[in-house]
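Chemist: I'd like to go over a predicted model; first the sequence, then the structure.
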Amino acid sequence: MDVYQAIKTRKSVRAFLDREVPEEVLNRLLEAARLAPSAKNLQEWRFILVRDPKSRKMLAKAAKGQTFVGEAPVVLVCCAESDGSVMTCGQLCYPIDVAIAIDHITLCAVAENLGTCWIGAFHEDEVKKLLHIPDRIRVVSLLPLGYPRDGALQTKNRLPLGAIVRREVWR
C-alpha cells in the first residue's frame, strides 16, 4: 500500500476485534514513529505500550468513559519528555513533534490492516497516576490500536481544496 492509499483509507476506529497485535507489527509501527522528523531533532516523543486489560479499562475511564479505548488490544500512551523548547515561530516543539510521530503510526497501522483512533479527551493527571508517569512528562494523546471490527471504508467529510488553500497571499 502506498502512502496516498493509506491516507485515503485511514479512519477513526472505535470497535476492535478481540485479537492480539503481533509484537513484530508493533515494533514496525514504533519504528515508524522513531523515524519521524522533529524540531531541532529533539525527538521528544515517548510511548507507553499498554496491553494489560485492567490498565486499558482504567485508561478508558480516564478518557472520559470512552469504553472502546479499553476494548482495543493495545493502547499507546503518547507522551513527550520536553525541555519546553519553542520554535522561532512561537510554537512549542513537543505537541507538534509527537503529533507527527503519531501520524506516522496511524498511517503505517492502515498498511498493517490495523485501526486507530486519536484520543485527546482524557484527564492527563489520571493517566499519569495510573501509569506512574513522572510530573515532567506530558501525555499528549492516547491511541487505541487493533484490528477493526468493521473493515468498511468511510466517506470522508472534508472541505474542498479551494476552501483551505490560498495561492501566494491570503485573499
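Modeler: That came in fine, so what should we check first?
Chemist: Please verify my assumption that residue 50 contacts residue 56.
Modeler: Yes. Here residue 50 reaches residue 56: they are 5.9 Å apart, a contact under CB atoms under 8 Å. The way it works is simple: take the backbone N, C-alpha and C, and place the C-beta from them, glycine included.
Chemist: which of those two has more neighbours?
Modeler: Just comparing residue 50 and residue 56: by other CB atoms under 10 Å the higher neighbour count belongs to residue 50, 25 against 19.
Chemist: What helix or strand is the nearest residue to the more buried one once chain neighbours are set aside located in?
Modeler: Spatial nearest neighbour of residue 50, excluding adjacent residues (CB to CB, 6 or more residues apart in numbering): residue 75 at 4.5 Å. Using DSSP states H and E, the element containing residue 75 is strand 74-81.
Chemist: who's in contact with that strand?
Modeler: Applying CB atoms under 8 Å, 6 or more residues apart in numbering, the contact partners of strand 74-81 are 21, 26, 44-51, 56, 59, 69, 94-95, 97-98, 101-102, 105, 127, 131, 133, 136-146.
Chemist: Name every strand pairing with that strand and say which way it goes.
Modeler: Applying DSSP bridges to the sheet, strand 74-81 is found paired with strand 45-50 (antiparallel), strand 137-146 (antiparallel).
Chemist: Send me that strand as CSV with only the CA atoms.
Modeler: Only the C-alpha atoms of strand 74-81 are listed here, as CSV (Å, rounded to 0.1, in the frame of the first residue of the first chain):
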residue,chain,number,x,y,z
VAL,A,74,-3.3,-2.1,22.7
VAL,A,75,-3.3,1.5,23.8
LEU,A,76,-0.3,3.6,23.0
VAL,A,77,0.1,6.4,25.5
CYS,A,78,1.8,9.1,23.5
CYS,A,79,4.0,11.3,25.7
ALA,A,80,6.7,13.9,25.5
GLU,A,81,9.8,14.4,27.5
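Chemist: from the middle of its chain, how far away would that strand be?
Modeler: The chain centroid and the centroid of strand 74-81 are separated by 8 Å, computed with CA atoms, centre = their mean, to the nearest Å.
Chemist: continuing past it, what's the next helix or strand?
Modeler: Using DSSP H and E, the helix or strand that directly follows strand 74-81 along the chain is helix 93-111.
Chemist: just checking, next helix/strand downstream of that following helix?
Modeler: Once the chain leaves helix 93-111, the next helix or strand it forms, by DSSP H and E, is strand 115-116.
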